[in-house]
Structures are given as C-alpha cells and as structure tokens.
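Asker: Fold the following and give me the result.
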Amino acid sequence: MGQMTSRKKFNLMAYFIVGPENTKGRPVSSIVEDAIESGFTFIQIRSKEAPASELIRFTVEAADIIEKLGKTKEVTLVVNDRLDIVLAARKQGAKVDGIHVGQEDIPVDVCREYLGEESIIGLSARTDELFEYMKTVDVSMIDYFGVGPLRETETKPDCGLGLSGEIITRSFEDIKKLVRLSPLPIVVGGGVKVDDIEQLVKVGADGFFVVSAVSMADNPKKAALELVDAWKENE
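Answerer: Okay, here's the model as predicted:
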C-alpha cells in the first residue's frame, strides 16, 4: 500500500481540488468518489479551515476510494500545502502521492526531503511572476505547474492577485506562451467552465483544474462527467 506513483507517471487531464468548505455540506468523500468515477485523474485535498484531524481523515478516505475503485495507477492524490497531513496520512497506510504548494508555502526542497524522490510536487506560482519564475526556478524538484486563474473565481478570491491589487487573469494566449516556455506540464484552472475546455486543449495545456464546478454542483457526478467528456472530445 505504501507504493507511490512514479514521478514520471501522472495524468493532469482532469484535476479536482476539494475541501469541506465547498461541498454544500455534503461529505468530501462522496464528491471525490463522484469525480473519480467520472474519469477525474488527479485529486487535491485542500482546506484552509479544517483541523488537521479532519484533513487527515479526508486524505485517508480519498486514498481508500482510489484503491476501492481500482484506480491506484490512474489517479494521483496530493494534499495542498500541508506536509504534516501527507506524512500523517501515509503513517496510517494511505497512499498519498505528494503535495501541492504555492510560492509562499513550504519550500519545495523541504517537501522533497521529507516526501522522498518518488513523490509528486506541484507548484502554483503567482500569476504576475510566473513567466520570470519559470525561467529561474530549479525545476528538477517540481513535477508540474498549476496556473490560473482563467477568470475571477469566488473559491479563491485572491488567486492571481497582482502587485497593485488587481486580479490578473490568464488569457488563452498567455497560456499558450506558458506552455511553450514551460519545462514542466501545466494544469490550468480558476473559474474553468465546460465551454473553456476546447480552447485549453488547443493551446496545449496538460489539463484543467476545478473546485466549485464539481463540488458545488447540484449533481457533482454529472458535472464532472461533462468536463471529462469535453476534454476527451477535443484532445
């Protein structure tokens, strides 16, 4: 059970970020299950509000669901920003593949030291600094970039905040340029809708990430399926 996904083998196509604050009171585990059954390939547990004990439970439950559905090789599980949660969930026998951090979070070399060479580390860089950051950072420690927001999003209102306080969103042209420059795979999100998927495929993104489009939907499974189908139809 302790076997980790190889750093080389993960699929960013359909990436779901979820925590208890955006499920309309429904269990995190049931929405994770809906997303995976609909073909989502990457799950990130994220909460700025839940206590550690709950975050560990959500992470262990997500790992159990992935295993129960026989998707251990196809679905990657990471935790946002909390190295302690990854380590605690692994200690309980959960297969957690890695961590996703921002530039202001725990440094990637520390994550790599504690999680080992095989773990997956994703990084969100601040929107206004991403082009510069990609040119200067030691990317050998990182496995993929999270890029956004595509448009303003209520789930993370400060996502993409520029230095002067305005929200900087990413045009498809920007994303195309990022894809061309990036030595790493790129997953794009922040307000992504089904109608955006075709363009994201066209500009060469490796996948899309969503939060509320699935977790706040009346029917999360149907919403997840529509997004996955839209990607597959256009790739």
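Asker: I'd assumed D174 was in contact with P149.
Answerer: No. The criterion here is C-beta atoms under 8 Å, and P149 misses it with D174 at 11.5 Å. Backbone N, C-alpha and C define where each C-beta goes, glycine included.
Asker: So, low pLDDT: which residues of this protein?
Answerer: Within the chain, the ranges that satisfy pLDDT under 70 run 1-6, 8, 126-128, 152-169.
Asker: Grab the longest helix from it for me.
Answerer: Ordering each helix of the chain by length in residues (DSSP state H) puts helix 52-68 first.
Asker: Pull out the buried residues from it.
Answerer: By neighbour count with 16 or more other C-beta atoms under 10 Å, helix 52-68 contains the buried residues 55-66.
Asker: I'd say A89 and E61 touch.
Answerer: No. Look at A89 against E61 with C-beta under 8 Å: they stay out of range, at 9.7 Å.
Asker: P149 and D174: who's more crowded?
Answerer: Between P149 and D174, counted using other C-beta atoms under 10 Å, P149 has the larger neighbour count: 23 against 18.
Asker: Look up the closest residue to that one, ignoring the ones flanking it.
Answerer: G190 (2.3 Å; C-beta to C-beta, 6 or more residues apart in numbering).
Asker: Counting neighbours, what do you get for that neighbour?
Answerer: By other C-beta under 10 Å, 25 other residues sit near G190.
Asker: And for the one 10 residues further on?
Answerer: L200: 25 surrounding residues under other C-beta under 10 Å.
Asker: Relative to V211, how far out is it?
Answerer: 16 Å (C-beta to C-beta, to the nearest Å).
Asker: before we move on, what about K73?
Answerer: Counting by C-beta to C-beta, the separation of K73 from V211 is 25 Å.
Asker: higher neighbour count, the two?
Answerer: Between K73 and V211, V211 has the larger neighbour count (other C-beta under 10 Å), namely 24 against 13.
Asker: The more buried one and N22 touch, don't they?
Answerer: Yes. When contacts are counted by C-beta under 8 Å, V211 is listed as touching N22 (5.9 Å).
Asker: residues in contact with the longest helix of the chain?
Answerer: Under the contact criterion C-beta atoms under 8 Å, 6 or more residues apart in numbering, helix 52-68 has outside partners 1, 19-20, 28-29, 32-33, 36, 43, 45, 47, 50, 72, 75, 77, 79, 82, 84-86, 88-89, 92, 94-96.
Asker: repeat for stretch 76-94
Answerer: Stretch 76-94 is contacted by residues 1-2, 5, 10-11, 17, 41-47, 52, 55-56, 59-60, 62-64, 66, 95-102, 105-106, 110-111, 114-115, 120, 122 when judged by C-beta under 8 Å, 6+ apart.
Asker: What separates the first and last residues of it, distance-wise?
Answerer: Stretch 76-94 has its terminal residues 12 Å apart, counting by C-alpha to C-alpha, to the nearest Å.
Asker: now the longest helix of the chain, how far from the chain's geometric center?
Answerer: The chain centre lies 16 Å from the centre of helix 52-68; the measure is C-alpha atoms, centre = their mean, to the nearest Å.
Asker: Pairing partners for the very next helix or strand once past it, with directions?
Answerer: With elements assigned by DSSP states H and E, the helix or strand that comes after helix 52-68 is strand 76-80. Looking at strand 76-80 with DSSP bridges, its partner strands are strand 42-45 (parallel), strand 98-102 (parallel).
Asker: And the strands in the protein?
Answerer: Using DSSP state E, the strands found in the chain span residues 14-18, 42-45, 76-80, 98-102, 120-124, 144-147, 186-189, 207-210.
Asker: what about the spatially closest residue to K232 that is not a sequence neighbour, how many neighbours?
Answerer: Nearest residue to K232 in three dimensions, chain neighbours excluded: G39, at 7.8 Å (C-beta to C-beta, 6+ apart). Other residues within reach of G39, judged by other C-beta under 10 Å, total 18.
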